[in-house]
Structures are given as C-alpha cells and as structure tokens.
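Undergrad: My questions are about this predicted structure, shown below with the sequence.
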There are 2 protein chains.
Amino acid sequence: MSRPQAPEPALDVQGDPPSGEGDEDTADGTQHSHRMLSFSDALLSIIATVMILPVTHTELSPQQQFDKSVQKLLATRIAVYLMTFLIVTVAWAAHTRLFQVVGKIDDTLALLNLACMMTITFLPFTFSLMVAFPAAPLGIFLFCTCVIAIGVVQALIVVYAFRFPHLLNPQIGRSAHRRLHRKHILHIVLRGPALCFLAAVFSLFFYPVSYLLLATVIVLPYVSKAAGWCRDRLRGPPEPPAHSVEFFTFDLQEPLSKERVEAFSDGVYAIVATLLILDICSDNVPDAKDVAERFHGSLVAALSEFGPQFLAYFGSFATVGLLWFAHHSLFLHVRKATQCMGLLNTLSLAFVGGLPLAYQQTSAFARRPHDELERVRVSCAIVFFASVFQFAMWTTALLREAETLRPSARFGGREHAFMFAKLALYPCASLLAFAATCFLSRFSTAIFHLMQIAVPFAFLLLRLLVRLGLALLRALRGLAPPARPTEGDPQAPLLPAPC
Amino acid sequence: MSRPQAPEPALDVQGDPPSGEGDEDTADGTQHSHRMLSFSDALLSIIATVMILPVTHTELSPQQQFDKSVQKLLATRIAVYLMTFLIVTVAWAAHTRLFQVVGKIDDTLALLNLACMMTITFLPFTFSLMVAFPAAPLGIFLFCTCVIAIGVVQALIVVYAFRFPHLLNPQIGRSAHRRLHRKHILHIVLRGPALCFLAAVFSLFFYPVSYLLLATVIVLPYVSKAAGWCRDRLRGPPEPPAHSVEFFTFDLQEPLSKERVEAFSDGVYAIVATLLILDICSDNVPDAKDVAERFHGSLVAALSEFGPQFLAYFGSFATVGLLWFAHHSLFLHVRKATQCMGLLNTLSLAFVGGLPLAYQQTSAFARRPHDELERVRVSCAIVFFASVFQFAMWTTALLREAETLRPSARFGGREHAFMFAKLALYPCASLLAFAATCFLSRFSTAIFHLMQIAVPFAFLLLRLLVRLGLALLRALRGLAPPARPTEGDPQAPLLPAPC
C-alpha cells in the first residue's frame, strides 16, 4: 500500500532551539511537548477533583436525620477529597518539573507519559480504599505500589531523555555536567517512591509507621515551601548557590511554569462545571409514567417541581464561571507565578472543587427544608475561601510586584485599583450573604441565589464604579478634575456596551 | 486601601498585531483570547460528550432480559447522545468562526462568552426532554429558546466588537467594508436562531413542522459540507469569488483553526477518560459491612470480585489514551484542517465518546455472563469506527497533501509509511478481535482484553517493524541495502529505548 521510503534527507544539528514552523522537528521524530502537556494537565486536574463526587452523592433518605453517623461519613469523605487533591497536586508539580527538564518528546516518551497518567488515575481509588478500611494494610500497600510505579515510569522518562540529549531542555542538553544533572533529577524523582517503598514494607507488619511515612511524603513539600517563604520574609532571600545557573531549570525553588498553572486551573474549573452539568442532565428529566400519573400529563407542572434546582444550577454555574473569570483576569497581569502563589492557587482550587457540594447543598433543601440555614452558610463559606485565596495570591504577588506583575497592575498602575476591586468582590459578597443569613433567617435561600445572580452584573459595572470612586477621591483631594472619556476615545471600550 | 490611579500613560495605536510581551495589551483593557478560547473548547467538548452517561447508566435488573423495550430505550438514548454531539459541534464551529473575527477580548466580551457557554450547557437537558416527551411541545419550545438565546448573545458579541474595532481581527478591523462584514456575520450568526424562532412558534400549534425546521438547522451544515466536497471532487474547486480576500477569515468554506480543533478533541478525550475514572472510583470501593459479613473481613477476597472490572478499566483507559496518541501524531503532521477533515474528526470523536459504553458493556458482563459475544462485538465496532474515521482523515489529507500536510508525512516522506501503520493499527486490531469472536466464541472476553493491553506494545514496536518491512521491500526490489542506524546516529532515538 505505502510507497517505499525515499532516501532520508540530511539531518540538522540536534538540540537546536525550536524553529518557528516545526517541520524539521517532526522530521526526526521529536515533537514539541505542548499539546501532550495540556492533555496531561487536563487529566491531572480531573483526577484531583473527581473525589468530590462521593461527597456530593452521599445519599440521605428523607426521614433520616442529619445525625452524628452521617456527619462522620461526610467528614471522612471530605478528608479523602482534600488529601487526594493535595497528593495529585504534588504529582502534578513533579510532572511540571520533569517536563521543564525534558523539552521535547518522541513517541516513546509520549507513551511513557500515558502510562504515568494511567497509574495516577488509580490513586484516588487506592486512597478511598485506605480511608474506608484504615486498619487493613491492603489500602496502604496498593497506594504505595501506585506511587512506586509512577516513580519508576518517571525515572524511565529521565533515563531515556538523558540517553538522547536532543530531547532535553537545550540548557541542560548542552551542559558539561549532564551526568550530575541526571543524578540530581533522579534523586528528586525517586525520593517519594523510596519513602513509599519503606511504607509498603511496614504496612505488612506494623501499619501506623506507614501512615507516618505517607504523611511525610504528602505534607513535606508544602511545609518546606511555607517554611522557606517565612524564612525569606524574615531574613531576606538566601545567597544563590554557586551552581545556580546550572540548576536553574530544575531547581525546586524555581517558579512553576505559568502556562501549566493556568492549564491545570482551567481543568479544575472545567471539571467542576461538568459535575454540575452531569447532575442537572441526569437527575432532572421527569419520568414519563410519573408525569402521566401524578401531573395528569402536564410536563410544565412536572418541571416546575425542579424549579429551585434549576435556579441553584444557574447560580452555581455563574459562580464557577466568574471565579474562573477572576482567576483569568489575575493571571493576565501575572508575569510569573512564585512558589507561594502556586500554593495559594492550589488551596483556592481545592475550594473551587468543593462548589458542586455547595450546589448539592442549596438544591437539596428544596426537597428537605430543615437545616436550610446551615446549608447556605456552608455554601457561602466555600465560595468565600475559594475567592479569598485568589485575593491572597494577588496580595502575595504585590509583595514582589517588580518580579511577578506586569507594570499596569502594580501599585499606581492603571489597572491596579480595578484588579483590587475585581478580586475583592466575591469575598465581600459571600461575607455579606453569610451575615445576611444571620439577620434574615427566613429568606436565606432567596438571598443566596440573588447574590449569585447579581454578581455578574456587579462585574460589568465594576469598572464604572471604580472609576467613579477614584474620580471622587481625586475631587476630594482637590486635584485637577479627571479627563472624561469621550466618543472614539481608546478608553471607551472599557465601559460596558450600551447595546 | 488602594492608592489613587496614576496619570494614564499615552496609549499606543489600536488594532496592532499582538506584541510579544503583551504588556501593552493588558494596559488598555484588551486581552488575547487564547486562554478564554481553550476554556470554552473544554466546556463545549464536555457538553457534547456528557449525554453518553444516561446510555451507560441504563440500569438493568439481573433477572431482566435484554428485550425489545430495553433495546428501544437504549436506542433512544444513543440517538439523544449522537444528536446532542452534532448540535454542540455545530455550536462549537460557529463559536470558532465568531472568534476568528473577534481577535481580542475585554472584560465585557469575556462575560458575554461565559453567558453563551451557560446557555449552551442547557442544550443537552432540553434535548433529552424533547426525546423523553416527543409529543409535548414544551421540549421543542425550550430547545428553541436556548438556541435563540445563544444567537442573541453571539449577535451582541458581534455588535460590541464592531463598535470597538481594535477588538476585531486586524484584517477586518482595518477594512473599509466593515459595515458589510458586520451584516454578513450577523446574517450567519442569526440564521439558525431565526429558523428556531419559527420552530418555536410552530411548536405551539403544530409540532411536526418544528421537528422539520430543527432537522434543517442541525443537519444542513453537514449536508452542505459533504455536498460541497463531492462537487469539488467532481468538478474541481470553484472559482474564488471577487471579494475572497475580504471575506477570507470568516468564509464558511475556510478551514477551521487547527489549534481549536486540537483543543476540542483533547477535551473529548479527557472527558471520556473522566467518565471511566468516575465509574471506577464511585462503584468499586466495597462496603465495610459487606466485607465483614460476606468475605469474613478479607478485603483481598472482596476486591478480587471486582477483578474483571479493573481489567476492563485499564483496557479502556489504554484504548482512549492510544486513540488520543494516534490523533496527536496525526495532527503533528497536519498543517491545516480542511472542512472535510473537520467533519471526519467530529464523527471519530462521536465514537470516542461512545467508549464509556464499551467499557460498561465489557465490565457489566462480569456480572451477567449472557450476551457476552454481542457486547464484545459492540465494543469492537465502537473502537473500529472511532479509529477508522481517524484513518479516513489521514487519507483525505493525503488527497490535498501539499496544502494540508507537512513535507515529512507526504507520499515518499520519511514519516509517511510509519504514520500509515500507526493509524491502521487500531482499525486492523479491532477487526481482528471482531473476527476472532466469531471463531472462538468461548474466549471472547479474554481476546478483547488481550487486544487492548497488547496494542501499546504494538505502538512501541511499530517503528521497528515498519523499518524492517521497508528494508525487506527494498531488498526484494534489488536496491542498495539501507544504511543501518549506528551508535550516536540521530535516528537512534526513533527506536524504543533499551532501558
């Protein structure tokens, strides 16, 4: 069928920086890793978020009280979700580091990466096994096996890439100390799995030690990040080590790639929206027999029963969309994401992943009116924490604004006040809603949905309001009156469209 | 809290091509649309694929036979899935066209886009309502209302963007015929909604006409594409119209943006993987009471009951991953995607979206052994069609290879034979498995899972095999013996790593 291969063209020098067209890159079997990394980010964000599902789908029969045993079950499941989120985020960060070293891929690396992804998809399952049966060693054993398998695959990727240096980041590929680099990277990649191997061994005869070891693996990166940041704040940044230029691209203190932080965050927001869509599509189509019997064939009457759920759906979707919008606006002004911002982003995303729970809470009490107040408060708290960590990311970025922010967003920049208002909107609104539930206990559902639906309009009006506020401030200080935007002025598009 | 705004810096000329850093772009409130478009692609691909869920979750009680009524239910749900997929793909294509005209966004456009997305998420629900109650006008009415709302939001986006021309694609923004362009684009955006308005009116007194109108809206773009392609094949490409340069970026005959085709496809593959992960994580953790009573506290025994399901999960995940891999390899060699390739891609993705059904089929008969053969055959058929449409995309690209493919993948190029083999692997393997089930009726499950797990290794060995085959071919033709790859040769990385 296929014609015989033509004589091969002369190959160009390896390890070159990527050329614009990329024709030559595909010709020697290597490829830019961009699309594979986006796909990995999408998968990893899904795996991180998926464990919210058992939390939202905790079934309560109508007569069952929200008692101690249910609370314990819910708390366990929320713990599983949060721990899974943190574990997968650690795996994602390691993956990001790895592909900062490996700059290009070929078919073998793409397949190895798929194998790595497949093993990671299994982590949530082993983790929920571990929580369901804390005293059985099998859960820990399987979990450790997974982590070891991931480590082995990543080590294979490193060894393979160092065998063919044109696959490496050009900076490392051309370095004279390549063997040293390889040793350093293998050490980082295999550190966690080695601890897990110990934990697996211990799980067979004395499992509490295993838990201790696992906690070390999961929490250590976060603790060391936080400690390092505190130390820097107290004593100023440390002296750069002598080989800093050499280790630049794989140093653990180095900021994460901004593109991958964005892709991972987008994945979390998209999967949260999906979980909402899944709920509305699968649960809310009435049964044909039911409509004929209970509603005398009137579909409108049957659907109006679901009314509050549709309201809750639109409110939750708007919240997810606007939190994404705030994140998107923030990262437009970010030049690079520091370690600390990455940590705050993870925490914000962990609460964003909890939004389906908020939806479930506010739509479920349409059926069970008691506990209404607590449910609205839980939802407010989730939205508040998701947005306040975004705000914290912004304030952290401002601490080192020359390095992390674009000029227009820094103190005194054109967009500074507006960004501030944009990011402060959700924390304030959710706090207000929370406070309102305390005073007006009877209208709490209405308040909550009103807030959710009013916020998009607040975003549209925000620029206008900020400008008015600043103009007032200036007028009060007796400065020259601000120039009004005129027709055809470049500023005009910043105002909401009158159409 | 925030400092008053500094005097605004001089603004640069509007409508400039994007500058490298982008600092200036964010300064005047406009932003590149890249990240917003990726997020939209992710959401749209999710909405397109999500309706496979009611298909896979069709509950059958163990004693219930796979009889006529169940078959009818399944057929209806599969029809809903396929139609939703096609509708959302039409909406996605329109969205792509729209943002080929609108080159940059500001906050208002981002919020309008989110509103558009939210309305689209509601389409699957209205469509399933339409199928569950075909004789009730409410379903059609709601569906039409959604389509009209989407059209109105898109028209708002067009009007807003044309009001502030620096948001437009530079080519259109600078054009003298901007009013003409706007009319043309509004016409395209509002054509579908106008037909839907008619359908909504008819639904109130004579609904069969509404179905006819809806069918026109959904199927027309595909039929006209196919007809246009056939005409081109028969009579050669048509003469370009006089204003072709003017309408270049928004012409419906123009190829879709390759990046967005990739992003949409990635989204479908990722959501299919998610649906698999959801299944395994939520259904397969044994109940603590169950383990204590039925398995005398042995977790291993309880889990071994789920063995076949885990096998099916790994097999299905490997299949999704490798189909993505084939798609990824294909698009590495594609320069631009023509209309016809887009259509074939949609069809391939529609079958990829059916893979959770294949998983459900092959894992369900672990519990219900009858109908085993049919189930394996259904799975083979789904994999076959998903992969054969990819192969068709490749052959279609070859028909116009100078325009669509990079040099190395064209006839006679270095990668040609290898790409051919890569894309032919899955159709052949699934056909083989299908044939094997006919002869060896007893081992069909084993065969199917064996195939799924063997294919990744086949991909690794493929390059070696293709090279051996070509060498043999040349040797048979009496040509000079091919040069063997030596140590340090740039070709060496193409072979699987010996590590």
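TA: Looks like it arrived, so ask away.
Undergrad: what does the stretch 101-250 of chain A have sitting close to chain B?
TA: Proximity of the stretch 101-250 of chain A to chain B (C-beta under 8 Å from any C-beta of the partner chain) is limited to residues A:106-108, A:110-111, A:114-115, A:117-118, A:121, A:124-125, A:128-129, A:132-133, A:136, A:138-139, A:156, A:159-160, A:163-164, A:166-167. Bear in mind the C-beta positions are built from the backbone N, C-alpha and C, glycine included.
Undergrad: does the strand or helix carrying residue A:41 come close to chain B?
TA: Assessed by DSSP states H and E, residue A:41 sits inside helix A:34-49. Yes. Applying C-beta under 8 Å from any C-beta, one finds helix A:34-49 in contact with chain B at A:35-36, A:38-39, A:42-43, A:46-47.
Undergrad: just how off-centre is that helix within its chain?
TA: 11 Å (C-alpha atoms, centre = their mean, to the nearest Å).
Undergrad: by contact count, what packs against that helix?
TA: For helix A:34-49, the elements it packs on are helix A:68-101, helix A:107-121, helix A:258-283, helix B:258-283, helix B:307-332, judged by 3 or more C-beta pairs under 8 Å, 6 or more residues apart in numbering or on different chains; DSSP states H and E.
Undergrad: pLDDT (mean, whole number) over that helix?
TA: Averaged across helix A:34-49, the pLDDT comes to 86.
Undergrad: now stretch A:263-276
TA: Computed over stretch A:263-276, the average pLDDT equals 88.
Undergrad: Residue B:175 is nearest to which of the helices and strands packed on helix A:34-49?
TA: Among the helices and strands packed on helix A:34-49, the nearest to residue B:175 by C-beta to C-beta is helix B:258-283 (23.1 Å).
Undergrad: list the buried ones in the closest one?
TA: B:258-282 (16 or more other C-beta atoms under 10 Å in any protein chain shown).
Undergrad: can you give me how far stretch A:380-391 is from the chain middle?
TA: Averaging C-alpha positions (C-alpha atoms, centre = their mean) puts stretch A:380-391 14 Å from its chain's average.
Undergrad: how about the strands of the stretch 101-250 of chain A, start to end?
TA: Along the stretch 101-250 of chain A, counting by DSSP state E, counting those that start in this stretch, strands occupy A:104-105.
Undergrad: Close to chain B: what parts of the stretch 251-400 of chain A are there?
TA: By C-beta under 8 Å from any C-beta, the residues of the stretch 251-400 of chain A that approach chain B are A:262-263, A:266-267, A:269-271, A:273-274, A:276-278, A:280-282, A:284-286, A:288, A:291, A:299-300, A:303, A:314, A:317-318, A:321-322, A:324-325, A:328-329, A:331-333.
Undergrad: Got the domain ranges for chain A?
TA: Using automatic domain parsing, the domain ranges for chain A come out as A:28-60+A:69-225, A:258-475.
Undergrad: Make a markdown table out of these and add distance to residue B:455.
TA: Compiled in a markdown table, those are given as follows (distance: least, C-beta to C-beta, whole Å):
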| stretch | distance to residue B:455 |
| --- | --- |
| domain A:28-60+A:69-225 | 11 |
| domain A:258-475 | 27 |
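Undergrad: Which of those sits closest to residue B:418?
TA: domain A:28-60+A:69-225 (8.7 Å).
Undergrad: Out of the residues of helix A:34-49 next to chain B, give me the two with the largest separation.
TA: A:35 and A:47 (18.9 Å).
Undergrad: Which one of those two is surrounded by more residues?
TA: residue A:47 (27 against 21; other C-beta atoms under 10 Å in any protein chain shown).
Undergrad: on that earlier part again, which members of the buried residues of helix B:258-283 additionally contact chain A?
TA: Among these, the residues lying close to chain A (C-beta under 8 Å from any C-beta) are B:262-263, B:266-267, B:269-271, B:273-274, B:277-278, B:280-282.
Undergrad: lowest-confidence helix or strand of chain A?
TA: Of the helices and strands making up chain A, the lowest-confidence element is helix A:244-247, at a mean of 41, by mean pLDDT, DSSP states H and E.
Undergrad: The following helix or strand past the helix holding residue A:41 near chain B at all?
TA: Sequence order places helix A:52-56 as the next helix or strand after helix A:34-49, per DSSP H and E. Yes. Residues of helix A:52-56 contacting chain B under C-beta under 8 Å from any C-beta: A:53-54.
Undergrad: Does helix A:52-56 pack against any helices or strands, and if so which?
TA: Using 3+ C-beta pairs under 8 Å, 6+ apart, helix A:52-56 sits against helix A:68-101, helix A:258-283, helix A:355-364, helix B:258-283.
Undergrad: Output it as PDB - backbone C-alpha positions only.
TA: Taking Å, rounded to 0.1, in the frame of the first residue of the first chain, the C-alpha atoms of helix A:52-56 are listed here in PDB:
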ATOM      1  CA  ILE A  52     -15.700  15.500  45.400                       C
ATOM      2  CA  LEU A  53     -18.300  13.200  43.800                       C
ATOM      3  CA  PRO A  54     -18.700  10.700  46.700                       C
ATOM      4  CA  VAL A  55     -19.100  13.700  49.000                       C
ATOM      5  CA  THR A  56     -21.900  15.300  46.900                       C
END
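Undergrad: quick one: buried residues of that helix?
TA: Result for helix A:52-56 [16+ other C-beta under 10 Å]: buried residues A:52-56.
Undergrad: my guess is residue A:124 contacts residue B:278, does it?
TA: No. Counting by C-beta atoms under 8 Å, residue A:124 sits too far from residue B:278 to count as a contact (10.0 Å).
Undergrad: got any residues that touch both of those two?
TA: Shared contacts of residue A:124 and residue B:278, defined by C-beta atoms under 8 Å, 6 or more residues apart in numbering or on different chains, comprise residue A:50.
Undergrad: How many residues are close by residue A:105?
TA: 25.
Undergrad: ok, and the closest non-adjacent residue to it?
TA: residue A:33 (4.7 Å; C-beta to C-beta, 6 or more residues apart in numbering or on different chains).
Undergrad: which residues sit in contact with the one you found?
TA: With C-beta under 8 Å, 6+ apart, residue A:33 has these contacts: A:99, A:102-105.
Undergrad: cool, and residue A:125?
TA: Residue A:125 touches B:280-281, B:284-285, counting by C-beta under 8 Å, 6+ apart.
Undergrad: Apply 6 Å and report the result again.
TA: Neighbouring residues of residue A:125 by C-beta atoms under 6 Å, 6 or more residues apart in numbering or on different chains: B:280-281.
Undergrad: same question, residue A:168
TA: So residue A:168 contacts residue A:161 (C-beta under 6 Å, 6+ apart).
Undergrad: again, only this time at 8 Å
TA: A:15, A:101-103, A:161-162.
Undergrad: Repeat that for residue A:427.
TA: Going by C-beta under 8 Å, 6+ apart, residue A:427 touches A:384, A:387-388, A:391.
Undergrad: Now the two most distant members of the residues you listed.
TA: Maximum distance among the contacts of residue A:427 (C-beta to C-beta): 10.2 Å, for A:384 and A:391.
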